[in-house]
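Asker: would you be able to build a 3D model of this:
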Amino acid sequence: MKRIMEARHADFRNRYAGLGCFREIDFHFAEFILNRSDSHDSHSASREMLYQAALLLSHVTGLQNAALDLKSAAGQPIESFSGIEQPSFKALSISLADYARWLNVLRDEYGRLVGRPGEKKPLILDDNGLLYLYRYWDYEQRVADAVIKRCDSLSEPLSGQELLDSLFPEAGDGIDWQKVAAVSAFRSRFCVISGGPGTGKTTTVARLVAMLLNAMPGLVIDMVAPTGKAADRLTKSVQAAKTRLHLPDELKKLMPEKATTIHRYLGYLPSVNTFRKNANNRTASGLLIVDEASMVSLPLFACLLEAIPDDCRVILLGDKDQLASVETGCVFGSLATAEVTNRFSNAFASDYKELSEQMGLPVTDSPTILTDRVIKLEHSYRFGRGSGIGHLSFLVNEAETEEDASDIMTFLKERKLSISVRKKLRKAGRPEPSVDLFQDIEWKELPEPGHLKSTLKKIIKDNFAHYRDEVSRFEAGNARVEDVLSALDSFRILCAVNQGIFGVENLNVVCEDELFGLKKGLFYSGRPVMVLTNDYTQRLFNGDVGVILKNADGTIRAYFQGENGSVRSFSTVCLPAHETAFAMTVHKSQGSEFDRVLMILPEQDLRILTKEIIYTGITRARQSVAVWGSQAIIKAAVCRSSSRVSGLKALLSRQSASESASQ
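Answerer: Have a look, this model is predicted:
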């Protein structure tokens, strides 16, 4: 029997290995599942359906999806399944199973392995055709339970009308979404505040905190972010907003000033790979503010929400239009959906109207559990009417048709707003541009591969000149590490891919050759490095960026930004896996901002090239952005949306439906 099983495994492996897109771990997992099947005598077609399901599930979870959508995969050639992200695999015309048959086989013949929601089995298949690894199904349930619990619990009615009016004075004829967000977060124990760069998310929260502390002076407030850099930015933003507020000194003293990383807040224990704070040992927080929430993975969200008291308020800050987290899940995106964002119940709209003389809020006839609790800030204080970056990011977000893509490309090439684009801006209520030519955006066709180095030579020298000067000053003892890190953030090259002529690896080599030439080595002074894995012992995490520097005494150390403005240094031999970071992927740039950005797209059209990639890359720039890529690829990318498979939205919708039925 064992030999027969191994022969069948080999047949399956040989067949699917020919596609060239699956990893070794995908095959091992599929074989692991088959080995634990108690249906050894099943027809080979049924066994192949189980093998297909396990193989694809491993593959899509490796692409950070929480589940495999059997319904979308069923019945089509495997090479056309959107979960396959490898662009160069060989088409062998292998068809996936029929949906109804696939479900019946998994549930009836392999029920020992494939359970229904609520059962504890290796695989979970829900009523919507989503197939999960048990742990990811469990994570989603835990997140949904924590959200529902807080949405069921309303806090005290809004008080302190005078303070609200002083913190949010009437501003024009439009809706003051910052004020709406503050009222929403005050009334509920759960609130999501989304908005692009410079829309005032942290300013809104600082004002809200003042309102809450005025009503509840003893409220314990904690602020967290997924990375040390994001925590430091949150700290500085809240401190700056606090100084601008006209509040009594007694109230200002109560306001929090320091943010920390989620891992430090939870007390990560690397020896056992778990957290000190959990469902059985909770924190003392009365209000938890989570910044850059779009970067937080599904497993970390589950651990975070379970570790806080049931009556703790939660405010999530982030940008729903950014890419999802580097790791598994898309919690923030599942919460801040278009159906619930800036949509309100009649009760909320009526109450808000009494608090404000502004125009009425948009009301929904089909409220859900998240209605009144998801606010998107619309006005950008960083990218105003004269900002090409602001208009470009708006157009990318709104793009759906070929005409939209053509408008974007025309805007990039001419740096002027066409008549059709102006109509779109007016329709969206965006302010009329105050300039004729936008100097902060630029587009170029990709150079020929053989001309890449010569084309980039002057750009690299000019944009990294200040950084190289600060490195030299540090080596002479005349600059601080903070000065070097700040200079590094003045410019960055962003790519969509790691490999290839226009990928991160090659562009980092080009930058190193141009800036440091023969001086470079494995650890040369001035080498920026990005951590590629989580090292909980040293508290260095995937995506953290630091710099290798030679001290005045000749020693070489690696320096990283710590929390609350501190700098941490490490021996280079102790660094976890890392890579050079003059260039980085757009995905890894999330949570960072640079004065100037050069975004270089690959020469091939890949499925990973989406509007989220383009939007995220553009909005990393504070002052200017240049986009290099073919017109055809840019136009295809802005009309293609990325999405991760998740059942969280359905879980919350199901709760909403059950509530409506019971009323």
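
Asker: so, low pLDDT: which residues of the protein?
Answerer: 1-9, 38-43, 80, 82-93, 153-161, 170-173, 357-359, 518-519, 563-565, 654-663 (pLDDT under 70).

Asker: what lies in contact with stretch 228-238?
Answerer: When contacts are defined by CB atoms under 8 Å, 6 or more residues apart in numbering, stretch 228-238 is touched by residues 202-203, 205-206, 223-225, 255-261, 289, 291-292, 295, 539, 541, 544-545, 560-565, 591-592. Every residue, glycine included, has its C-beta placed from N, CA and C.

Asker: among those, name the ones in strands.
Answerer: Residues of the contacts of stretch 228-238 located in strands (DSSP state E): 223-225, 259-261, 289, 545, 560-561.

Asker: which one of the residues you listed is nearest to R644?
Answerer: The shortest approach to R644 among those belongs to A225, at 21.3 Å (CB to CB).

Asker: that closest one reaches S294, doesn't it?
Answerer: No: using CB atoms under 8 Å as the test, A225 is too far from S294 to be in contact (11.3 Å).

Asker: returning to what we had before: which among the contacts of stretch 228-238 end up buried?
Answerer: Among the contacts of stretch 228-238, those classed as buried by 16 or more other CB atoms under 10 Å are 202-203, 205-206, 223-225, 255-256, 259-261, 289, 291-292, 295, 539, 541, 544-545, 560-563, 591-592.

Asker: which non-adjacent residue is nearest R468?
Answerer: Once flanking residues are discounted, R468 sits nearest to L515: 6.0 Å by CB to CB, 6 or more residues apart in numbering.

Asker: dump the residue contacts of the one you found.
Answerer: Each residue near L515 by CB under 8 Å, 6+ apart is listed here: 460-461, 464, 468, 526, 582.

Asker: could I have the ChimeraX command that selects the buried members from those?
Answerer: Applying 16+ other CB under 10 Å to the contacts of L515 leaves a buried subset, and the ChimeraX line that selects it is:
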select :460,464,526,582
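
Asker: in helices only, show me the contacts of L515.
Answerer: Among those, DSSP state H puts 460-461, 468 in helices.

Asker: between the residues you listed, which sits nearest D553?
Answerer: Nearest member of those to D553, counting by CB to CB, is R468, at 21.1 Å.

Asker: and that closest one, how far is that from E512?
Answerer: 12 Å (CB to CB, to the nearest Å).

Asker: then R607?
Answerer: Distance, R607 to E512, using CB to CB: 30 Å.

Asker: of the two, which one has the most company?
Answerer: Higher neighbour count among R607 and E512: E512, with 20 against 15, using other CB atoms under 10 Å.

Asker: skipping adjacent residues, who's closest to Y265 in space?
Answerer: In space, Y265 is closest to V224, 4.8 Å off (CB to CB, 6+ apart).

Asker: the stretch 51-200 of the chain: helices as residue ranges?
Answerer: Assigned by DSSP state H, counting those that start in this stretch, the stretch 51-200 of the chain shows helices spanning 70-73, 99-104, 134-152, 161-167, 177-187.

Asker: the stretch 251-400 of the chain: helices as residue ranges?
Answerer: Assigned helices in the stretch 251-400 of the chain, in chain order: 262-266, 298-306, 331-335, 346-355, 388-398 (criterion: DSSP H, counting those that start in this stretch).

Asker: for the first one, packing partners?
Answerer: I take that to be helix 262-266. In this structure, helix 262-266 makes packing contacts with strand 221-225, helix 298-306, judged by 3 or more CB pairs under 8 Å, 6 or more residues apart in numbering; DSSP states H and E.

Asker: just the CA coordinates for that helix, please, in PDB.
Answerer: C-alpha atoms of helix 262-266 as PDB (Å, rounded to 0.1, in the frame of the first residue of the first chain):
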ATOM      1  CA  ILE A 262       2.900  45.900  18.600                       C
ATOM      2  CA  HIS A 263       5.500  43.200  19.500                       C
ATOM      3  CA  ARG A 264       6.900  45.200  22.400                       C
ATOM      4  CA  TYR A 265       3.400  46.200  23.600                       C
ATOM      5  CA  LEU A 266       2.400  42.500  23.600                       C
END
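
Asker: hmm, who's touching it?
Answerer: 222, 224-226, 275-278, 283, 290, 296, 300, 303-304, 307, 536, 539, 541, 563.

Asker: same thing but at 10 Å, please
Answerer: Here helix 262-266 makes contact (CB atoms under 10 Å, 6 or more residues apart in numbering) with 222-228, 230-231, 259-260, 268, 270, 274-278, 283, 285, 288, 290, 292, 295-296, 300-301, 303-304, 306-308, 534, 536, 539, 541, 563.

Asker: just the buried residues out of those, in ChimeraX syntax.
Answerer: Applying 16+ other CB under 10 Å to the contacts of helix 262-266, the buried members can be selected in ChimeraX as follows:
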select :222,223,224,225,226,227,228,230,231,259,260,268,275,277,283,285,288,290,292,295,296,300,301,303,304,306,307,308,534,539,541,563
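
Asker: shared neighbours of R468 and E512, anything?
Answerer: Contacts common to R468 and E512, judged by CB under 10 Å, 6+ apart, are G526.

Asker: count the neighbours of A349 for me.
Answerer: Using other CB under 10 Å, A349 has 17 other residues around it.

Asker: buried residues, stretch 631-650. List them.
Answerer: With burial defined by 16+ other CB under 10 Å, the residues of stretch 631-650 counted as buried are 631, 633-640, 644-650.

Asker: just to revisit the earlier point, now the contacts of L515 in TSV, with distance to R382?
Answerer: Compiled in TSV, the contacts of L515 are given as follows (distance: CB to CB, whole Å):
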residue	distance to R382
I460	26
K461	28
F464	24
R468	28
G526	30
F582	25
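
Asker: so where do the strands sit in the stretch 351-500 of the chain?
Answerer: Along the stretch 351-500 of the chain, the segments classed as strands by DSSP state E, counting those that start in this stretch run 374-377, 441-444, 491-495.

Asker: mean neighbour count, those: which tops it?
Answerer: strand 491-495 (a mean of 26; mean count of other CB atoms under 10 Å).
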